[in-house]
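1. build the 3D model from these lines:
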Amino acid sequence: MDEIALTGLTVFGRHGVFEHERENGQEFTIDLRLRLDLADAAASDDVADTVHYGELAEQVAAVVAGEPVDLIETLAQRIADVALADRRVERVEVTVHKPHAPIPLTFTDVSVTITRSRTGGR
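-> A predicted model of the protein is given here:
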């Protein structure tokens, strides 16, 4: 199985459990790894035969900038659903980074990673 990776997509959103997170918002960074067969795209040299990662980035950004959720776990699932909407994608790994999480200690990042597949496995 082949892979398309999109890393470091940074989008402003209003997700979090606390009211100030919803009110003020913050940046989230998204990493995606799509597993799919890219043989047709390689043979045809046609973007229609692959996942258009520019369009996917815009769809993911719309999810992050859209309806707020409490948990980044929920946000990651919504992003996975977007990626799996393309029938060519067999498996997706989504990491949602929340580097400005409300933790009163020094830290670099907090992230959640989920893996979903077309067959329902994880």
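
2. mind pulling up the pLDDT for R118?
-> On the pLDDT scale, R118 is placed at 89.

3. burial measure for it, as a count.
-> 14 (other Cβ atoms under 10 Å). The way it works is simple: take the backbone N, C-alpha and C, and place the C-beta from them, glycine included.

4. quick one: the strands in this structure, in order.
-> All strands of the chain, identified by DSSP state E, fall at 2-13, 26-36, 91-97, 111-117.

5. can you say which of these is packed in most?
-> Of all those, strand 91-97 carries the top mean neighbour count, a mean of 22, counting by mean count of other Cβ atoms under 10 Å.

6. make a markdown table out of the strands of the chain and add distance to E58.
-> What follows is the strands of the chain, written out as a markdown table (distance: least, Cβ to Cβ, whole Å):
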| stretch | distance to E58 |
| --- | --- |
| strand 2-13 | 10 |
| strand 26-36 | 12 |
| strand 91-97 | 16 |
| strand 111-117 | 20 |
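
7. spatially nearest residue to Y53 (excluding sequence neighbours)?
-> L6 (5.5 Å; Cβ to Cβ, 6 or more residues apart in numbering).

8. next one: H20
-> P102 (7.5 Å).

9. ok, now how distant is the one you found from G25?
-> For P102, the distance to G25 equals 12 Å [Cβ to Cβ, to the nearest Å].

10. who has more neighbours, the two?
-> Neighbours were tallied for P102 and for G25 using other Cβ under 10 Å; the higher tally belongs to G25 (16 against 12).

11. tell me the confidence at the nearest residue to the more buried one once chain neighbours are set aside?
-> The shortest distance from G25 to any non-neighbouring residue, by Cβ to Cβ, 6+ apart, is to R14 (4.3 Å). Predicted confidence (pLDDT) for R14: 98.
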